[in-house]
Every structure is written in C-alpha cells, then in structure tokens.
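Colleague: Got a predicted structure here, sequence first:
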Amino acid sequence: MKRIAEPASALRGRIGHAIFSRVAGPDGPDNRARIHGTPGPRWFGPERPVRRVHGDASMFIGGLSALLLQSLHPLAMAAVAAHSGFRGDPWGRLQRTSTFLAVTTYGTADSAQRAVDRVRAVHGTVRGTAPDGREYRASDPHLLCWVHVAEVDMFLRAHQRYGARPLDDAGCDGYVADMARIATALGVPDPPVNRAQLAERLAAYRDELHATPDALATARFLLLDPPVPLLARLPYGVLAANAVSLLPPWASRELRVPRLPAEGLCVRPLGTAVTAGIRWALAPTRPAACPDRRRLPVDGGRTGHSELTGGAQGHRRQQWRFVIA
C-alpha cells in the first residue's frame, strides 16, 4: 500500500504545483508566506464567509463566469480591451487578481489597504473612449459597482453549486456583506450587503448590458482558445462549460455561447468532479505544516469586518487556500 500511496502523493504534488504556479505565479510561495504569516488585525476573521468562498476550488468556475458576465457592460469591456493586456499576458493578470483577492481576504488590514490603494491608483489612470463614442473611466463608481456585483454573484453561485461546504442563508448574506467591505474601500458607493440587494442591483444594470465585438472575442478566447497546455484542455473545457451554465440564460444568449442540453445530468456532475480533483490536488500533503486544521463554522453575522486581531497562529488554518494557496 505504501508503494501505491507514494506515487499517488507525488502525482498529487505535481498537479498541485502546476495549478498553484499558474494561478499564483513565481512569487506565489513568498506571497503566501507573507499573507498568512504576518501578524496583525485582519479585515475578516477566520469565521467569516468570504474566507470559505475564496478558499474553495469552486472559484475556478466562478472566476470564469464573472469574467464572462462582466464583459457584457460595453464601457467596462472597452476599458479591459484597451488597457488590461489580458490577451497578451492572461496568466499575469490572473496572478495579480488572485493575489489581490488573497491579500484582501486573508492578509493584514494594512496589507489589504495597500493593495486597494494600488488598484485605485491604477484605476485613476485608465480612461478612454469606447467604440460607441462614449467616454469611460475605470474609477467611475457606476462601472466599479457593476464589476463588483457581477463577480460577487458569480463567485457565490459557483460556491453554492460546486463548493465543498455551501453556505446557509445567513452565510450567503454574510458573504455579500464581506465583499461590500472590499468594494467600499475600492470606491463603490453603497454596495449591496445581502442577496436581495445584490439581485436588485444586478437587475438595475440589465438595460445597459449587451455583447460588443470585444465581449464576443473575449468569450471565444476564454472558452475556445484558452492559453492552457494541451493536457489541461479537457478539464479546462469542463470548467468552461460549467462557467457558462452559471450565467443567466440571457447572458449566454448575448455572448452566443451554447448551453449544453441536460446540464444537470452531464455538465454539472463533471464540473463537480473536476472541482473536487482540483481541491484534492491543492490540499495540504503535510499536516505537520498546518497543525490546527479544524474547520470553523461560518456564521452570517455582521461582526468581524474590521479591527480583528489575530496573528500568524490565529490564521494558520487558512494557509491552504485556493485563491493563492
């Protein structure tokens, strides 16, 4: 049995390393150690829903869904197409995004604020004219709010469908409230703090949303021509199909991406299996490195958004997370 377990452990380590290096980049190990090892107050304590959601492999599906949905705002898409460079360096953009999520979710309050300040400084330089002649600014609170509500909705939907431990109703509201803390810091005025407000805000944007040529090209790039190795195309295709299945039907029609028939019988089980495989590959292989791995219950209360104390030991249980761990 030991001879069988050793090759399996080695395979798991190779797959996990490949995924982690792609998502977190070459600085991933150092960033992980700094994020989780630096003592000090955090924006979110270990019991907060945002830690459970961002720490689950369902984020791989939720992230793809969020990008697709966000692309349907013509001004947001124009800004991304002109300034983000995501096609030339898609992995670099993913690594920067995952690091930002990790720092704001798990890092110290000071580190989180510095990360937000850097993003806001970049947003302040991004402006231009969309193909339809309208001007845009990345710092526009209305556009910031769209990007925020689209990602919160898709992250939460993915977690509830594919997450290892879906949240209860209070936890779902708590996640929206946690994300509002980050959104406020980024300059979003009055972000939604529960699911009802989130649904209302999403609906308010509906008349502004449609697929531009840039949005259609982005969907093709993400779904049909992704920058992944040949061996990863099949599992990536499963993730992509499940990302599409999370979208509202009107959104997939706008993007001209087909919905496979009988999604509940084929697509979703495969998505659950691939997500579980990623979770297995990225799970810790040496329990000694993470002495306290008990899972805490996640409540949906409003406490714990700021002024939380707890140094490295209080956060060590969070070290193996899928955003950047």
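Modeller: Arrived safely, thanks for sending. Values in this document were obtained by computation on a predicted structure and should not be read as measured data. Numbering: from 1, shown residues only.

Colleague: tell me the secondary structure for residue 155?
Modeller: Of the three states, residue 155 takes helix under DSSP: H, G, I helix; E, B strand; the rest coil.

Colleague: Check residue 132 too.
Modeller: Of the three states, residue 132 takes coil under three-state DSSP.

Colleague: cool, and residue 56?
Modeller: Three-state secondary structure (criterion: three-state DSSP) places residue 56 in coil.

Colleague: That one and residue 276 touch, don't they?
Modeller: No: with contacts defined as C-beta atoms under 8 Å, residue 56 does not count as touching residue 276, sitting 10.7 Å away. C-beta: built from backbone N, CA, C; applies to glycine.

Colleague: which residues does residue 263 contact?
Modeller: Contact criterion C-beta atoms under 8 Å, 6 or more residues apart in numbering gives residue 245 as the residues in contact with residue 263.

Colleague: likewise the one 4 residues further on?
Modeller: If a contact means C-beta under 8 Å, 6+ apart, then residue 267 has 238, 241, 242, 245, 260 as its contacts.

Colleague: From those residues, list the buried ones, please.
Modeller: Of the members of these, the ones counted as buried by neighbours, 16 or more other C-beta atoms under 10 Å, are 238, 241, 242, 245.

Colleague: Could you find the closest non-adjacent residue to the third one?
Modeller: When the adjacent residues along the chain are set aside, residue 242 lies closest to residue 271, with 3.3 Å between them (C-beta to C-beta, 6 or more residues apart in numbering).

Colleague: That neighbour falls within a helix, correct?
Modeller: Yes: secondary structure assignment places residue 271 in a helix (three-state DSSP).

Colleague: picking that back up, looking only at neighbour counts, state which of residue 56 and residue 276 leads.
Modeller: Neighbours per residue (other C-beta atoms under 10 Å) separate residue 56 from residue 276, with residue 56 holding more: 24 against 13.

Colleague: Okay, the residue lying closest to that one once chain neighbours are set aside and residue 156: tell me how far apart.
Modeller: Distances taken as C-beta to C-beta, 6+ apart place residue 163 nearest to residue 56, at 4.6 Å, with adjacent residues excluded. Residue 163 sits 9 Å away from residue 156, taking C-beta to C-beta, to the nearest Å as the criterion.

Colleague: what do those two both touch?
Modeller: Here residue 163 and residue 156 share the contacting residues residue 53, scored by C-beta under 8 Å, 6+ apart.

Colleague: number of nearby residues for the residue nearest to residue 242?
Modeller: Look at residue 271: counted by other C-beta under 10 Å, it has 25 neighbours.

Colleague: That one and residue 163, how far apart?
Modeller: When distance is defined by C-beta to C-beta, residue 271 is 12 Å away from residue 163.

Colleague: Ok, residue 102 next?
Modeller: Between residue 102 and residue 163 the distance, using C-beta to C-beta, works out to 17 Å.

Colleague: And residue 239, by the same measure?
Modeller: Residue 239 sits 14 Å away from residue 163 when distances are taken as C-beta to C-beta.

Colleague: same question, residue 277
Modeller: Applying C-beta to C-beta, one obtains 15 Å for the distance of residue 277 from residue 163.

Colleague: So between those two, which is more surrounded?
Modeller: Using other C-beta under 10 Å, the more surrounded residue of residue 277 and residue 163 is residue 163, with 23 against 16.

Colleague: Quick check on the more buried one: phi, psi?
Modeller: Here the main-chain torsion angles of residue 163 (degrees, to the nearest 10) amount to phi -70, psi 150.

Colleague: Please work out how many residues are found near residue 153.
Modeller: In terms of burial, residue 153 registers 23 neighbours under the definition other C-beta under 10 Å.

Colleague: Okay, strands next: where are they in this protein?
Modeller: Ranges of strands within the chain are 127-129, 135-137, based on DSSP state E.

Colleague: quick one: contacts of the last one?
Modeller: So the one you mean is strand 135-137. Residues external to strand 135-137 that are found in contact with it (C-beta under 8 Å, 6+ apart): 75, 76, 78, 79, 123, 126, 127, 128, 129, 130, 143.

Colleague: The second one: how many residues sit nearby?
Modeller: Just to be clear, that refers to residue 76. By the measure other C-beta under 10 Å, the count of residues near residue 76 is 24.

Colleague: ok, now which ones touch the nearest residue to it once chain neighbours are set aside?
Modeller: If the residues on either side of it in the chain are set aside, residue 76 comes closest to residue 143, at 5.3 Å by C-beta to C-beta, 6+ apart. When contacts are counted by C-beta under 8 Å, 6+ apart, residue 143 touches 73, 75, 76, 79, 136, 137.

Colleague: Produce a ChimeraX select command limited to the buried residues of these.
Modeller: To isolate the buried ones among the contacts of residue 143 in ChimeraX, judged by 16+ other C-beta under 10 Å, type:
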select :73,75,76,79,136,137
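
Colleague: can you put the contacts of residue 143 in JSON lines and add distance to residue 191?
Modeller: What follows is the contacts of residue 143, written out as JSON lines (distance: C-beta to C-beta, whole Å):
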{"residue": "73", "distance to residue 191": "16"}
{"residue": "75", "distance to residue 191": "19"}
{"residue": "76", "distance to residue 191": "16"}
{"residue": "79", "distance to residue 191": "19"}
{"residue": "136", "distance to residue 191": "20"}
{"residue": "137", "distance to residue 191": "18"}
